[in-house]
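J.: Give me a 3D structure for the following:
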Amino acid sequence: MAAVMIGVDPHKGSHTAVAIGADEVPVGLVRVRACAAQAERLLTWAKSWPERTWAVEGAAGLGHLLAQQLVAAGERVLDVQPKLAARVRLLATEAVNKNDPNDARSVAIAALRSAACLPVRPDDRAAVLKIWAKRHRDLSRARTQVACRLHAVLCELVPGGLSKEICAAQAAAILDQAEPGGAVRQARLELAAEFTADMRRIDVQLRETRKKLAVAVRASGSTVTEVFGVGPFIAATVIGDVRDVSRFASRERFAAYNGTAPFAGENDPLRHL
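T.: Got it, this is the predicted structure:
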């Protein structure tokens with residue numbers, strides 16, 4: 001059988017797969033429900049094409065679980081960025097309706113024609129670091145939100161509020177000294193107490209997450225933390241997002257990706273500064 005490229009348009013409830021040949025003509029179509037047997041059903045459908053490659057749109061996002069299941073089954077899987085598949089639809093010479101089969105075919109064509117689609121690798125320690133780094137970011141944002149709301153309530157309870165960064169102990173001390181009043185003031189005091197409790201809870205979660213980050217970074221064997229100023233959180237963020245630095249064509253490409261420097265071409269006078 002001729003080699004085929006199978007494009008997959010993943011969704012929360014179902015996945016649509018379209019197989020195409022080298023001429024980009026569809027040779028098969030299937031839709032499977034997102035369930036425990038999703039990968040098995042796709043593999044059963046595709047067994048008539050022994051020489052096959054899977055192209056999953058957003059293999060690091062919505063299509064992550066399916067892509068990992070296919071890789072675990074020994075399949076070759078490519079990660080197709082949604083923007084790349086969208087460009088294929090945009091450049092189609094004929095009118096193409098926006099539906100799951102056409103989206104899956106666009107994913108397959110993008111993987112067939114573009115060298116920018118990278119192979120999907122099994123999750124490793126970098127994935128663990130990414131998980132805990134994201135958890136740390138989410139908790140930090142949640143704490144900032146709670147602190148802002150607590151500041152706002154305190155301004156309505158104490159003249160001038162608190163002019164500096166607040167912690168749960170400071171807030172509790174202020175509330176203990178606050179004079180009781182009518183129903184409105186009492187409601188504000190209770191709300192401030194709830195925000196203080198939220199802050200204490202998040203502080204505990206942040207401490208636990210930092211411990212898990214430190215353990216995960218040590219287990220990864222990375223030497224990134226030997227760079228001055230780089231702690232477990234920064235190291236986990238860098239390793240988790242980059243995974244394999246060799247996927248970047250040059251140092252400049254990597255710098256442009258992480259935002260530390262714009263891309264400088266060979267003729268750019270700033271390149272040698």
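
J.: so the residue lying closest to Gly63 once chain neighbours are set aside bridges to which residues?
T.: Closest residue to Gly63 apart from its sequence neighbours, by CB to CB, 6 or more residues apart in numbering: Pro10 at 3.8 Å. Using the backbone N, CA and C atoms, a C-beta is placed for each residue, glycine as well. Applying DSSP bridges to Pro10 yields these beta-bridge partners: His15.

J.: Show the contacting residues for Pro10.
T.: Contacts for Pro10 (CB atoms under 8 Å, 6 or more residues apart in numbering) come out as Ala34, Val56, Glu57, Gly58, Leu62, Gly63, Leu66.

J.: And the pLDDT at Met1?
T.: Met1 carries a pLDDT value of 45.

J.: do Ala60 as well
T.: pLDDT, Ala60: 87.

J.: Skip the chain neighbours and tell me the closest residue to it.
T.: Asp79 (6.3 Å).

J.: Break down the chain into its strands, ranges please.
T.: 4-10, 14-20, 26-33, 52-57, 77-80, 118-119 (DSSP state E).

J.: helices and strands around the second one, which ones?
T.: When you say that, I think you mean strand 14-20. Using 3 or more CB pairs under 8 Å, 6 or more residues apart in numbering; DSSP states H and E, the elements in contact with strand 14-20 are strand 4-10, strand 26-33, helix 38-46, helix 100-113.

J.: again, 10 Å this time
T.: strand 4-10, strand 26-33, helix 38-46, strand 52-57, helix 100-113 (3 or more CB pairs under 10 Å, 6 or more residues apart in numbering; DSSP states H and E).

J.: for the longest one, same thing?
T.: Here strand 26-33 is seen to pack against strand 4-10, strand 14-20, helix 38-46, helix 100-113 when contacts are counted using 3+ CB pairs under 10 Å, 6+ apart.

J.: and the ones you listed, which is most packed in?
T.: strand 4-10 (a mean of 27; mean count of other CB atoms under 10 Å).

J.: Would you mind putting the CA coordinates of that strand into CSV?
T.: Extracted as CSV, the C-alpha positions of strand 4-10 are listed here (Å, rounded to 0.1, in the frame of the first residue of the first chain):
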residue,chain,number,x,y,z
VAL,A,4,-0.5,8.0,3.5
MET,A,5,-0.7,11.0,5.8
ILE,A,6,-3.6,10.9,8.3
GLY,A,7,-4.7,14.3,9.5
VAL,A,8,-6.6,14.5,12.8
ASP,A,9,-8.8,17.4,13.9
PRO,A,10,-9.2,16.8,17.7
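
J.: tell me the angle that strand makes with strand 52-57.
T.: Orientation check (axes from the mean of the first three to the mean of the last three CA atoms, to 10 degrees): strand 4-10 against strand 52-57 gives 30 degrees.

J.: any idea of the mean pLDDT in strand 4-10?
T.: Strand 4-10 comes out at a mean pLDDT of 96.

J.: Quick one: residues contacting the residue nearest to the spatial centre of the chain.
T.: The residue lying closest to the centre of the chain (CA atoms, centre = their mean) is Gly61, at 6.3 Å. Taking CB atoms under 10 Å, 6 or more residues apart in numbering, we find Gly61 in contact with Pro10, Ala67, Asp79, Gln81, Pro82.

J.: pLDDT weak spots in the stretch 51-200 of the chain?
T.: The stretch 51-200 of the chain contains residues with pLDDT under 70 at 92-97.

J.: do that again at 80, thanks
T.: 89-98, 160-164 (pLDDT under 80).

J.: the helices in the stretch 101-250 of the chain, which residues?
T.: For the stretch 101-250 of the chain, the helices defined by DSSP state H, counting those that start in this stretch cover 125-155, 168-177, 183-220, 232-242.

J.: list the buried ones in the longest one?
T.: Okay, so that is helix 183-220. Using 16 or more other CB atoms under 10 Å as the test for burial, helix 183-220 gives 188-189, 191-192, 195-196, 198-200, 202, 205-206, 209-210, 212-214, 216-217, 220.

J.: Could you say which one of the helices and strands packed on strand 26-33 comes nearest to Arg137?
T.: The closest of the helices and strands packed on strand 26-33 to Arg137 is strand 4-10. By CB to CB, the value is 24.7 Å.
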